[in-house]
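**Student:** Sequence plus the predicted model coming up.
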Amino acid sequence: MVTASSKTKAESLTERLLREIEDETLPPGTRLRSVRDAARKEGLGINTVIEAYNRLVARGYAESRPGSGYYVRSISRGWASAPAPHVTAAVDVVSLLREQLEQHYEVRVGDGRPPASWMVGPELSQHLKRARSEGLSDIEHGYGTPWGYQPLRETVARLLAERSIQVHSRQVLLTQGANHGLDLIVRHLLEPGDRVLVDSPGYYPLFGKLKLAKVEMLGVPRQSDGPDLDALQALLKAHRPKAFFTQSHAHNPTGSSISLPKAHKLLQLAAEYGCLVIEDDPFADLLPPSSPRLAALDQLDHVLYVSSFSKTLSAGLRVGYIAGAPDRIAALCDLKMVTLVSTSDFVERVVHQLISGGQYRRHINRIKNRLAEMHTPAFKALSRTGVRVHAADPSGYYLWTELPNRVDEIALVREAAGHGIFLAPGSVFYPHRRSDYPAIRVNVAYAADPRFLKFLTNTLR
């Protein structure tokens, strides 16, 4: 069984050396023991010591001098070394996942995206190579419009019409993915001290943005068919928040989708209390067009709609968009121009070609088929390990997996890392890092991996 004391040997050595450096037991300029000497003294492997020393270097506490060894650096105690509390809180939201993502893991159960092999098949790969080699010769050597490539915006408007969201291309602003869109909305709408509602559990990168903006987050419990409406109404009445950030479908991390009755009632409550709804729909192209989207029911009167091609096409092709009322989109375009000037006209043209040429639709159909094949077997295999797997939309990537109460979630993640398995701990998906509800988010593509299942079964015995 995993306990809170479970740590890798490299982590333990790193933490001890950090304490010695910070209390100046190892003062600046001190040469650390040679790797071999430290390995012999500590009873560790050479690679373990190297990893610990490299972590000290990465964090700014030591420096490597080729041919000489590792030395303690002088740490400034001035203002520059002490970030503001809200900055520290924002970075802390993603620190554990970042630390794991920077390492090499054979089994990436906690990834937010499907395997690379799903994303760029021979047809897409051939088109992208041709686009790079030809350089899209008709491209202009300028910034392009801050609104984004006009033909792609018109294409997005047609895609939205298929989802019953009626817009003009002037109501569409292209962004560098959904995260950039959310960042623009946070900057435009909110000021320090404002209150907003968020899904709980919900999309953790959004929490980092809101903490950085010094915005107070109020969590709305997520249920199997959408937000808890009783909790939502109570929070709206008590706090009058400016906005509610939510993922209606294939929710990250629970995989659930909102029901039509809940969608109607949510919009009624938002209108009653003057709360703008920001609907994040990054997996839109994997879902049926008839899915009950808030933006379709509201027609963008009280909803800003955010989506992206990055989750379904390629993380390297950072193209997303915001759709909303004309005045809101115009204001967001001005902000985009001030902060970024414009997005990549070249990348937007590539995405437009993939859509208009039919390659993107065929690619999406292949991903849908893979998800359909893997979802049920993954759910059953995971359930057999002794965990509780929540029901999820089969069009999405995620299975929310509840661990037995006796399990220390973070210790489980660390032990998995020692076996080359990357897990996403459930606590990071809560706006205030809830720790009394152990869970992990599991990517459907990796859920039935025998190495992961064996590890989970053995650990939970």
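**Tutor:** Cool, got the structure. Numbers count the residues shown, from 1 in each chain.

**Student:** need the contact list for Lys311.
**Tutor:** Lys311 makes contact with Gly112, Arg113, Ala178, Pro282, Phe283 under the criterion Cβ atoms under 8 Å, 6 or more residues apart in numbering. Bear in mind the C-beta positions are built from the backbone N, C-alpha and C, glycine included.

**Student:** Now tabulate the residues you listed in CSV and tack on distance to Asp393 and neighbour count.
**Tutor:** Formatted as CSV, the contacts of Lys311 follow (distance: Cβ to Cβ, whole Å; neighbours: other Cβ atoms under 10 Å):
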residue, distance to Asp393, neighbour count
Gly112, 16, 20
Arg113, 17, 16
Ala178, 18, 26
Pro282, 13, 25
Phe283, 9, 24
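
**Student:** Tell me if I'm right that Arg433 and Ile410 touch.
**Tutor:** No - the criterion here is Cβ atoms under 8 Å, and Arg433 misses it with Ile410 at 10.4 Å.

**Student:** Neighbour count: these two, which is higher?
**Tutor:** Using other Cβ atoms under 10 Å, the more surrounded residue of Arg433 and Ile410 is Ile410, with 19 against 14.

**Student:** Let me know the helix or strand that that one is in.
**Tutor:** helix 409-418 (DSSP states H and E).

**Student:** For that helix, list every residue counted as buried.
**Tutor:** Using 16 or more other Cβ atoms under 10 Å as the test for burial, helix 409-418 gives Glu409, Ile410, Ala411, Leu412, Val413, Arg414, Glu415, Ala416, Ala417.

**Student:** Can you check the pLDDT for the fifth one?
**Tutor:** Spelled out, that is Val413. Reported pLDDT at Val413 in the predicted model: 87.

**Student:** From here on, call the first residue 666.
**Tutor:** Okay, using 666 as the starting number, the last item reads as Val1078.

**Student:** Mind giving me the packing neighbours of the helix holding Ile1075?
**Tutor:** If you count contacts as 3 or more Cβ pairs under 8 Å, 6 or more residues apart in numbering; DSSP states H and E, helix 1074-1083 packs onto helix 750-766, strand 1089-1090, strand 1104-1108, helix 1115-1124.

**Student:** Report the mean confidence score over the second one.
**Tutor:** Average pLDDT, strand 1089-1090: 90.

**Student:** same check, this time on stretch 974-993
**Tutor:** The model assigns stretch 974-993 a mean pLDDT of 89.

**Student:** Stretch 868-888 too?
**Tutor:** Mean pLDDT, stretch 868-888: 95.

**Student:** again, but for stretch 928-946
**Tutor:** Average pLDDT, stretch 928-946: 98.

**Student:** now swap in stretch 777-792 and tell me
**Tutor:** Mean predicted lDDT for stretch 777-792 stands at 68.

**Student:** Just the CA atoms of the helix holding Ile1075, as CSV, please.
**Tutor:** Presented in CSV, the C-alpha positions along helix 1074-1083 are these (Å, rounded to 0.1, in the frame of the first residue of the first chain):
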residue,chain,number,x,y,z
GLU,A,1074,-3.1,9.9,-3.9
ILE,A,1075,0.2,11.9,-4.2
ALA,A,1076,2.2,8.9,-2.9
LEU,A,1077,0.5,6.7,-5.5
VAL,A,1078,1.5,9.2,-8.2
ARG,A,1079,5.1,9.2,-7.0
GLU,A,1080,5.3,5.4,-6.8
ALA,A,1081,3.9,5.1,-10.3
ALA,A,1082,6.6,7.5,-11.5
GLY,A,1083,9.2,5.1,-10.2
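
**Student:** Just want the angle from it to strand 1104-1108.
**Tutor:** On the basis of axes from the mean of the first three to the mean of the last three Cα atoms, to 10 degrees, helix 1074-1083 is oriented at 40 degrees to strand 1104-1108.

**Student:** And stretch 1047-1061, end to end?
**Tutor:** Terminal residues of stretch 1047-1061 lie 16 Å apart, using Cα to Cα, to the nearest Å.

**Student:** Go through that stretch and flag the buried ones.
**Tutor:** Within stretch 1047-1061, the residues that count as buried by 16+ other Cβ under 10 Å are Leu1047, Thr1050, Val1052, Val1054, His1055, Ala1057, Asp1058, Pro1059, Ser1060, Gly1061.

**Student:** Those into TSV, with extra columns for distance to Val1003 and pLDDT?
**Tutor:** TSV is the format used below for those (distance: Cβ to Cβ, whole Å; pLDDT from 0 to 100):
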residue	distance to Val1003	pLDDT
Leu1047	46	95
Thr1050	50	93
Val1052	47	94
Val1054	45	95
His1055	42	95
Ala1057	40	93
Asp1058	37	93
Pro1059	42	92
Ser1060	37	91
Gly1061	35	92
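
**Student:** Pull the most distant pair out of those.
**Tutor:** The span of these, defined through Cβ to Cβ, is set by Thr1050 and Ser1060 at 24.1 Å.

**Student:** returning to that earlier point: so how far is the helix holding Ile1075 off the chain centroid?
**Tutor:** 20 Å (Cα atoms, centre = their mean, to the nearest Å).

**Student:** now swap in stretch 713-723 and tell me
**Tutor:** Counting by Cα atoms, centre = their mean, stretch 713-723 is centred 27 Å from the centre of its parent chain.

**Student:** picking that back up, mind putting the buried residues of stretch 1047-1061 in JSON lines, secondary structure and distance to Gln831 included?
**Tutor:** As requested, these are exported to JSON lines (DSSP: H, G, I helix; E, B strand; the rest coil; distance: Cβ to Cβ, whole Å):
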{"residue": "Leu1047", "secondary structure": "helix", "distance to Gln831": "40"}
{"residue": "Thr1050", "secondary structure": "coil", "distance to Gln831": "46"}
{"residue": "Val1052", "secondary structure": "coil", "distance to Gln831": "43"}
{"residue": "Val1054", "secondary structure": "strand", "distance to Gln831": "38"}
{"residue": "His1055", "secondary structure": "coil", "distance to Gln831": "34"}
{"residue": "Ala1057", "secondary structure": "coil", "distance to Gln831": "30"}
{"residue": "Asp1058", "secondary structure": "coil", "distance to Gln831": "25"}
{"residue": "Pro1059", "secondary structure": "coil", "distance to Gln831": "28"}
{"residue": "Ser1060", "secondary structure": "coil", "distance to Gln831": "23"}
{"residue": "Gly1061", "secondary structure": "coil", "distance to Gln831": "26"}
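
**Student:** Tell me the one among these nearest to Ser834.
**Tutor:** Nearest to Ser834 among these, counting by Cβ to Cβ, is Ser1060 at 27.0 Å.
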